[in-house]
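*Asks:* okay, sequence plus prediction incoming.
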Amino acid sequence: MKKLITPIAITAADSNSRTITGRIVTFEETGNASIGKVQFAKNSIAATPVLLNLEHDRTRRIGKTLSIESTDKGIDATFKIAETTAGNDALVEAAEGLRDGFSVEVYFDEYETLKDGTVRILKGEMTGVALTSEPAIRSARVAEVAATEGEAEISDSTIEPEAQPTEGEDEVEDTVKDASTAETVEAAQSVTANVNAAVGGWTTKPRLEFTAAKYLENTIRASLGDENARQYVAAADDTTDNAGLVPTRQLTEVINGLANTTRSAVDAISRGVLPDAGMSFEIPKITTMPTVAETAEAGTPSETDQASSFLSVSVKKYAGQQTFSVELLDRTSPLFFNELLTNMSAAYAKATDLAVYTALASGATADSTTLTTYPTASELLGFVSRGAASVYSNTQGFARNILANTSQWANLMTLNDSGRPIYMAAQPSNAGGSVRPDSIRGNVAGLDLYVTANVPSANDTDKDDSMLIINPTAYTWYESPTYRLRADVIASGQVSVSVYGYGAIATKIGAGAFGINKT
C-alpha cells in the first residue's frame, strides 16, 4: 500500500465557532504532485473523520473533524480548531494567506497511469488532513475564518512567547492510523501537492509584523517610551540587514535549458507495444520468396519454396536514480519533486532516443557519393534521390522521413536559389518544402523532416550519418506502456527514487536507412 499526500482547499471558516471548512478532496481534477500529475477518481476516497495537523507533523495537532461529507465533486469537511496558541496561529495564518491550503494524507493500492503520465487513484483510505502553506491544486479556496467570540485581538506591537500544545489537541488521536506504518511498506510512494486558498474575513493579525510601515510606527512609539514598541524595534534590528524589512522572494518557476522530452529519432520510425514478459522476443521474417516465371504450354511451373527465420530482438532497461535525505523529503517544497521527476523523465527520453538513433546510424547504407561540406541545394537533392532509390530497392518500401542533427538543420535553412530561401519561403505553396527555425518538424524535398539533438559524438556537426533517409516500416521501437516510479526508504535514512522503463529497437530490414557520407 502506498502513501499519498495531496492538498485541496479551504473554502470557509467561522470566527464564532472556531471552524475552518474546505474541500479536502476534489474528484476528477488533475493537480501537480511530487511524482507529476495526480487525479482522484469519483468516490475513490471515503469521507472518514480525521485529525487536522500542521504541515503533516502529527505531533502538532490543531483540530479535529466536526463534519465531513462526500459529494459528486469531492469531499467537504469542517474542522474544529483547538483553543491553543497553535490553533490561534493557524486561524490567523489562514486568514492572512500565510498558511491557507488543505492537504490530505491518503493510503492507496489501487491506481492507474493515464497516457499523459497522470496517476489516477481508484481506491484509497484517508488518514489525515494538514493545514499547509504550499498550494498546488486551484479548485479549493478559503472563504471564511473566525475565532470564538470575545477572543482578545493580538496587538501588532506585542511579542508573545510560543505556548506548548494542550492535551485537547490530541483527544482524537486514536481515530487516525499512525503515519509510521507507511515506512514498513515496500516501495512506499509519497505524493505532495498543495492547494491555493482564497483569504477570508478575520480581525486579528500576526503577533509580529515586519514591514517598513510597522517598523517606522514602532520606532516613533519607542522614542515616546512604549516598551512593547522598543521590543519590536529590537527584534527587527536583530535581523541581518533588516531581512524582515527587505525580504528575498523565490519564484515557483524553474529555469532549465538542459533537457526536454522530445524524441525525434523514435518519432521517425514505426512504434510497437513491448511484449509483457521476457528480455527478448522474436519476429518471423521471410528470407526466401516463392517465384513466378513465364511458363510454356504444358511446361513445369517455376518452383521456389518460401523460407523464413526468426529475428531476435533484445529488450533493454533504461533507468535513472536519485538518492536524497529524508529531511529533504519531509521539509522541502513539492516543487523539488516536480522538477526531479520532470528531469528524470527528460533524461529517460534522451537515453531511449539516442539508442534508436545509434541503431539507425549503425545499420544505414552509406551514400556512395561523399561530400566535404554541408550539402548545397543541388547536393541535397542528389542525396535525397540516391537515398530514396536505395531504400526502395533494398526494402521494397518507400523512404518517407529524413532525420537530421541540429547542424544539418541549420544548413537546410540557409539553402537558397539566388537569395530566395528554398525551404523557408514565405509562400509554402511555391516552396520545395518547409523548414522553420521554431519547429523541429518540417518537409524537405518530399520527405518529412525530424530534427534531433540526441546524437552520439561520432555523428555530430557534419559527420557521417548526421542526416539519414529512412523507411519507417524497416525499424520499430517497442516500449513498455508506462514509466514506473519507486520510492524506497533505506536503512541509512535516505530515499532512493528510480525512474525506469523497457524498450527494444528492431532493425527489421538493415538497408532501410541511407546515411550521408562525409569525407
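*Replies:* That came through fine.
*Asks:* who are the contact partners of residue 112?
*Replies:* The neighbours of residue 112, taking Cβ atoms under 8 Å, 6 or more residues apart in numbering as the test, are 119, 120, 122. (Each C-beta comes from the backbone N, C-alpha and C, glycine too.)
*Asks:* quickly note the distance from the last one to residue 480.
*Replies:* As judged by Cβ to Cβ, to the nearest Å, residue 122 and residue 480 stand 21 Å apart.
*Asks:* how about the second one?
*Replies:* Note on residue 120: its distance to residue 480, by Cβ to Cβ, is 18 Å.
*Asks:* likewise residue 60?
*Replies:* As judged by Cβ to Cβ, residue 60 and residue 480 stand 42 Å apart.
*Asks:* same check, this time on residue 86
*Replies:* Remark: distance between residue 86 and residue 480 (Cβ to Cβ) = 47 Å.
*Asks:* same thing with residue 53?
*Replies:* Distance of residue 53 to residue 480, given as Cβ to Cβ: 39 Å.
*Asks:* quick revisit: so for residue 122 and residue 480, which residue has more residues nearby?
*Replies:* For residue 122 versus residue 480, neighbours defined as other Cβ atoms under 10 Å are more numerous around residue 480 (18 against 13).
*Asks:* pretty sure that one sits against residue 274.
*Replies:* Yes - if you go by Cβ atoms under 8 Å, residue 480 and residue 274 touch, sitting 5.0 Å apart.
*Asks:* intersection of neighbour lists for those two?
*Replies:* The contact lists of residue 480 and residue 274 share 502, 503, where a contact means Cβ under 8 Å, 6+ apart.
*Asks:* past the lowest-mean-pLDDT helix or strand in the chain, which element shows up next along the chain?
*Replies:* Using mean pLDDT, DSSP states H and E, strand 9-14 stands out as the lowest-scoring helix or strand of the chain, at a mean of 51. Following strand 9-14 in sequence order, the next helix or strand is strand 19-26 (DSSP states H and E).
*Asks:* what helices or strands is that following strand leaning on?
*Replies:* Contacts defined by 3 or more Cβ pairs under 8 Å, 6 or more residues apart in numbering; DSSP states H and E place strand 19-26 against strand 9-14, strand 74-81, helix 85-95, strand 101-113, strand 119-132.
*Asks:* which among these is found nearest to residue 402?
*Replies:* Evaluated over those, closeness to residue 402 peaks at strand 101-113, with 33.8 Å, by Cβ to Cβ.
*Asks:* how far does that closest one sit from the chain's center?
*Replies:* 17 Å (Cα atoms, centre = their mean, to the nearest Å).
*Asks:* and stretch 102-118, C-alpha only, in PDB?
*Replies:* These are the backbone C-alpha positions of stretch 102-118, laid out as PDB (Å, rounded to 0.1, in the frame of the first residue of the first chain):
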ATOM      1  CA  PHE A 102      -5.600  21.800   2.900                       C
ATOM      2  CA  SER A 103      -3.500  18.700   2.200                       C
ATOM      3  CA  VAL A 104      -5.000  15.200   2.600                       C
ATOM      4  CA  GLU A 105      -3.000  12.100   3.500                       C
ATOM      5  CA  VAL A 106      -4.100   9.000   1.700                       C
ATOM      6  CA  TYR A 107      -3.000   5.400   1.700                       C
ATOM      7  CA  PHE A 108      -3.800   3.800  -1.700                       C
ATOM      8  CA  ASP A 109      -3.100   0.500  -3.500                       C
ATOM      9  CA  GLU A 110      -5.400   0.700  -6.500                       C
ATOM     10  CA  TYR A 111      -4.500   3.200  -9.200                       C
ATOM     11  CA  GLU A 112      -3.900   3.500 -12.900                       C
ATOM     12  CA  THR A 113      -1.500   5.600 -15.000                       C
ATOM     13  CA  LEU A 114      -3.000   7.600 -17.900                       C
ATOM     14  CA  LYS A 115      -1.400   8.200 -21.200                       C
ATOM     15  CA  ASP A 116      -0.100  11.700 -20.200                       C
ATOM     16  CA  GLY A 117       1.600  10.200 -17.100                       C
ATOM     17  CA  THR A 118      -1.200  11.200 -14.600                       C
END
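*Asks:* which parts of it are buried?
*Replies:* 102, 103, 104, 105, 106, 107, 108, 111, 113 (16 or more other Cβ atoms under 10 Å).
*Asks:* residues touching residue 28, list them.
*Replies:* 39, 40, 41, 42.
*Asks:* phi, psi for the nearest residue to residue 444 once chain neighbours are set aside please.
*Replies:* Spatial nearest neighbour of residue 444, excluding adjacent residues (Cβ to Cβ, 6 or more residues apart in numbering): residue 433 at 4.5 Å. Backbone geometry at residue 433, expressed as degrees, to the nearest 10, gives phi 170, psi -160.
*Asks:* just give me the neighbour total for residue 433.
*Replies:* Neighbourhood size, residue 433 [other Cβ under 10 Å]: 20.
*Asks:* my guess is residue 365 contacts residue 394, does it?
*Replies:* Yes - if you go by Cβ under 8 Å, residue 365 and residue 394 touch, sitting 7.0 Å apart.
*Asks:* what is in contact with these two at once?
*Replies:* Residues touching both residue 365 and residue 394 (Cβ under 8 Å, 6+ apart): residue 511.
*Asks:* more neighbours: which of these two?
*Replies:* Per other Cβ under 10 Å, whichever of residue 365 and residue 394 has more neighbours is residue 365, with 20 against 17.
*Asks:* which residues does the more buried one contact?
*Replies:* 390, 394, 511, 513, 514, 515 are the contacts of residue 365 under Cβ under 8 Å, 6+ apart.
*Asks:* looking at those, state which has the most neighbours.
*Replies:* If you count neighbours using other Cβ under 10 Å, the busiest of the contacts of residue 365 is residue 513, which has 32 neighbours.
*Asks:* how near is that one to residue 23?
*Replies:* Residue 513 is 55 Å from residue 23, by Cβ to Cβ.
*Asks:* how about residue 392?
*Replies:* 61 Å.
*Asks:* same deal with residue 60?
*Replies:* Distance from residue 60 to residue 23, counting by Cβ to Cβ: 23 Å.
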